[in-house]
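K.L.:
Give me coordinates for this.
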Amino acid sequence: MIRVLLVDDQPLIRSGFRALLDAEDDIEVVAEAANGAEGLQEARKHLPDIALVDIQMPEVDGIEATRRIAADPALSQTHVVILTNYGLDEYVFHALKAGAAGFLVKDVQPEDFLHAVRVAARGDALLAPSITRRLIDRYVSQPLKPSSDLAQLTNREREAVVLVARGLSNDEIAASMVISPLTAKTHVNRAMTKLYARDRAQLVVIAYESGLVVPHTSERG
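P.N.:
Numbers count the residues shown, from 1 in each chain. Below is the predicted model:
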């Protein structure tokens with residue numbers, strides 16, 4: 001059973017998502033909250049698999065709520081999915097940096113919404129790396145600098161991170177590196193641990209911000 005927390009300041013939005021989720025046999029809405037502070041309290045109380053978090057809320061917004069959830073060791077298994085009205089924007093980028101697994105636009109089709117919840121619950125990449133690259137290219141304002149954390153990676157782990165940032169799946173990474181898919185997954189997981197990345201989306205952000213990977217001109221825009 002996938003346990004979901006809904007965090008949105010609009011009751012109508014929450015009730016709509018709740019009705020959709022509760023109709024599924026494998027999904028349960030365990031709590032609701034109207035702002036980020038309440039959301040964090042409910043997350044600590046219920047330990048959900050997924051927190052669906054509106055990005056713009058009063059008091060504590062979705063970005064800060066995501067940051068607090070990501071920083072709480074007790075919530076290490078909670079995947080934050082940002083809800084937004086606007087699609088690709090600076091708020092989404094900062095939410096990804098804060099630890100969100102991805103984002104959904106609120107007018108998403110019901111079947112796509114349910115699929116995204118299940119994907120995020122598995123811990124798989126919800127946000128396409130190409131979209132992450134577009135966000136990074138658009139909103140990174142500081143010069144890219146090599147990260148000291150990268151020194152902790154083995155050569156194979158660095159290679160795996162680069163391939164993740166290029167959008168490859170574990171099977172494709174395995175083929176490229178001529179290793180088994182299980183070994184590829186191990187390299188990726190170890191790199192995530194060493195770089196304090198909660199998921200593959202955040203690993204892509206780190207890869208680009210650290211300068212390990214540089215966007216090609218064709219990826220811009």
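K.L.:
Heading C-terminal from the helix or strand of the chain with the lowest mean pLDDT, find the next helix or strand.
P.N.:
In the chain, no helix or strand scores lower on mean pLDDT, DSSP states H and E than helix 129-139, which sits at a mean of 64. Using DSSP states H and E, the helix or strand that follows helix 129-139 in sequence is helix 155-165.
K.L.:
chain center to that following helix, what's the gap?
P.N.:
19 Å (C-alpha atoms, centre = their mean, to the nearest Å).
K.L.:
That one: which residues count as buried?
P.N.:
For helix 155-165, the buried set under the neighbour-count rule, 16 or more other C-beta atoms under 10 Å, comprises 156-161, 163-165. For the C-beta atoms, the positions are set from N, CA and C on the backbone; glycine is no exception.
K.L.:
I would like the residues contacting it, please.
P.N.:
Identification of contacts with helix 155-165 by C-beta atoms under 8 Å, 6 or more residues apart in numbering yields 129, 133, 150, 153, 172-173, 176-177, 184, 187-188, 190-191, 194-195, 200, 203-204, 206-208, 212-213.
K.L.:
I'd like to know which of those residues are part of strands.
P.N.:
Nothing among these maps onto strands, per DSSP state E.
K.L.:
List buried residues within those.
P.N.:
129, 133, 150, 153, 173, 177, 184, 187-188, 190-191, 194-195, 200, 203-204, 206-208, 212-213.
K.L.:
Output the below-cut-off pLDDT ranges for this protein.
P.N.:
Scanning the chain for pLDDT under 70 picks out 87-89, 125-148, 215-221.
K.L.:
Nearest residue to the middle of it?
P.N.:
residue 101 (1.1 Å; C-alpha atoms, centre = their mean).
K.L.:
State the distance from that residue to residue 77.
P.N.:
12 Å (C-beta to C-beta, to the nearest Å).
K.L.:
and for the two, which residues touch both?
P.N.:
By C-beta under 8 Å, 6+ apart, no residue touches both residue 101 and residue 77.
K.L.:
Kindly report the domain assignment for the chain.
P.N.:
If you go by the TED database, the domain ranges for the chain are 2-126, 145-210.
K.L.:
The protein: helices as residue ranges?
P.N.:
11-22, 36-46, 62-71, 90-98, 110-122, 129-139, 155-165, 170-177, 181-194, 200-209 (DSSP state H).
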